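Participant: Here is my input; please provide its structure:
(2 chains)
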Amino acid sequence: NAGVTQTPKFQVLKTGQSMTLQCAQDMNHNSMYWYRQDPGMGLRLIYYSASEGTTDKGEVPNGYNVSRLNKREFSLRLESAAPSQTSVYFCASRREGVPSYEQYFGPGTRLTVT
Amino acid sequence: DAKTTQPPSMDCAEGRAANLPCNHSTISGNEYVYWYRQIHSQGPQYIIHGLKNNETNEMASLIITEDRKSSTLILPHATLRDTAVYYCIATGDSGYSTLTFGKGTMLLVSP
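Facilitator: Have a look, this model is predicted:
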């Protein structure tokens, strides 16, 4: 049981390049989330998906797109990377139940945009 | 989500109890208190949550005051591996169970 996995672990992009961050979970969770964390800051929600086929914007969605490919996978795409998107990106999934704010996080992707 | 206030940093000696406070004076009746921690360079980790009763699990204990305006996370025997940023979150009204992380408390456990 791997939990939440993310690829790649590190990435360096030039301004204007595109890339997709991959996330997968093997816990059969319906809800999945993408966060970013800047140095010295808490996490900020980019997008979330309550179930397969649905996605919604979070606090900081500009410059990002997401795809909920199936129940396991939730990807985050940067179409034209900017230096302001240099950050650590975390994917998470949520355990079902009421109430449940128990989220399980992946190890993160460290992205640098030059 | 109710606003939460935590001290920016705390120190604790290894083997002693670490008591991390959180103020959430505007919490509403249906909001839960959740605690997460983030060890350096890792993703956040769920610790415990509660509504109004005290809770205990294998990681920690959560004490919530009777008026629910504050709570304390207790790590009974802190180890060096407990050095992390601890986040207190008061939430319960989000239809999609999204979390809002503040800056948390940096707990440094020393030998």
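
Participant: Tally up the residues packed near residue B:104, please.
Facilitator: The number of residues packed near residue B:104 is 26, by other C-beta atoms under 10 Å in any protein chain shown. Heads up, the C-betas are built off the backbone N, CA and C, glycines and all.

Participant: Test for you: state the pLDDT assigned to it.
Facilitator: Among the per-residue scores, residue B:104 shows a pLDDT of 92.

Participant: Can you name the residues that contact it?
Facilitator: Contacts for residue B:104 (C-beta atoms under 8 Å, 6 or more residues apart in numbering or on different chains) come out as A:42, B:6, B:38, B:85-88.

Participant: Give the closest residue to whatever residue of chain A ends up closest to chain B in space, chain neighbours not counted.
Facilitator: Nearest residue of chain A to chain B, counting by C-beta to the nearest C-beta: residue A:105, 3.0 Å away. Once flanking residues are discounted, residue A:105 sits nearest to residue B:43: 3.0 Å by C-beta to C-beta, 6 or more residues apart in numbering or on different chains.

Participant: I'd assumed residue A:106 was in contact with the one you found.
Facilitator: Yes: the pair residue B:43 / residue A:106 is scored as a contact, 5.5 Å apart, by C-beta atoms under 8 Å.

Participant: Overlap of the contact sets of the two?
Facilitator: A:4, A:90, A:92.

Participant: what lines up beside the helix or strand hosting residue B:11 in the sheet?
Facilitator: Secondary structure from DSSP states H and E places residue B:11 in strand B:9-13. For strand B:9-13, the paired strands and their directions (DSSP bridges) read strand B:105-110 (parallel).

Participant: what does the strand it pairs with contact?
Facilitator: Strand B:105-110 is touched from outside by B:6-14, B:18, B:20, B:78-80, B:82-86, B:88, with contacts defined as C-beta under 8 Å, 6+ apart.

Participant: okay but residue A:76 is in contact with residue A:18, surely?
Facilitator: No: at 11.6 Å, residue A:76 does not count as touching residue A:18 under the criterion of C-beta under 8 Å.

Participant: Which positions within stretch B:18-36 qualify as buried?
Facilitator: Buried residues in stretch B:18-36, defined by neighbour count with 16 or more other C-beta atoms under 10 Å in any protein chain shown: B:18, B:20, B:22-24, B:27, B:31-36.

Participant: OK, contacts around the residue lying closest to residue B:50 once chain neighbours are set aside?
Facilitator: Computed as C-beta to C-beta, 6+ apart, the closest residue to residue B:50 that is not its neighbour in sequence is residue B:62, at 4.7 Å. By C-beta under 8 Å, 6+ apart, the residues touching residue B:62 are B:33, B:35, B:48-50, B:54-56, B:71-74.

Participant: Could I get those residues in JSON lines, plus columns for distance to residue A:51 and pLDDT?
Facilitator: Listed next are the contacts of residue B:62 as JSON lines, based on distance: C-beta to C-beta, whole Å; pLDDT from 0 to 100:
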{"residue": "B:33", "distance to residue A:51": "27", "pLDDT": "93"}
{"residue": "B:35", "distance to residue A:51": "27", "pLDDT": "95"}
{"residue": "B:48", "distance to residue A:51": "27", "pLDDT": "93"}
{"residue": "B:49", "distance to residue A:51": "23", "pLDDT": "91"}
{"residue": "B:50", "distance to residue A:51": "28", "pLDDT": "92"}
{"residue": "B:54", "distance to residue A:51": "34", "pLDDT": "93"}
{"residue": "B:55", "distance to residue A:51": "29", "pLDDT": "95"}
{"residue": "B:56", "distance to residue A:51": "33", "pLDDT": "96"}
{"residue": "B:71", "distance to residue A:51": "32", "pLDDT": "96"}
{"residue": "B:72", "distance to residue A:51": "36", "pLDDT": "97"}
{"residue": "B:73", "distance to residue A:51": "32", "pLDDT": "98"}
{"residue": "B:74", "distance to residue A:51": "36", "pLDDT": "98"}
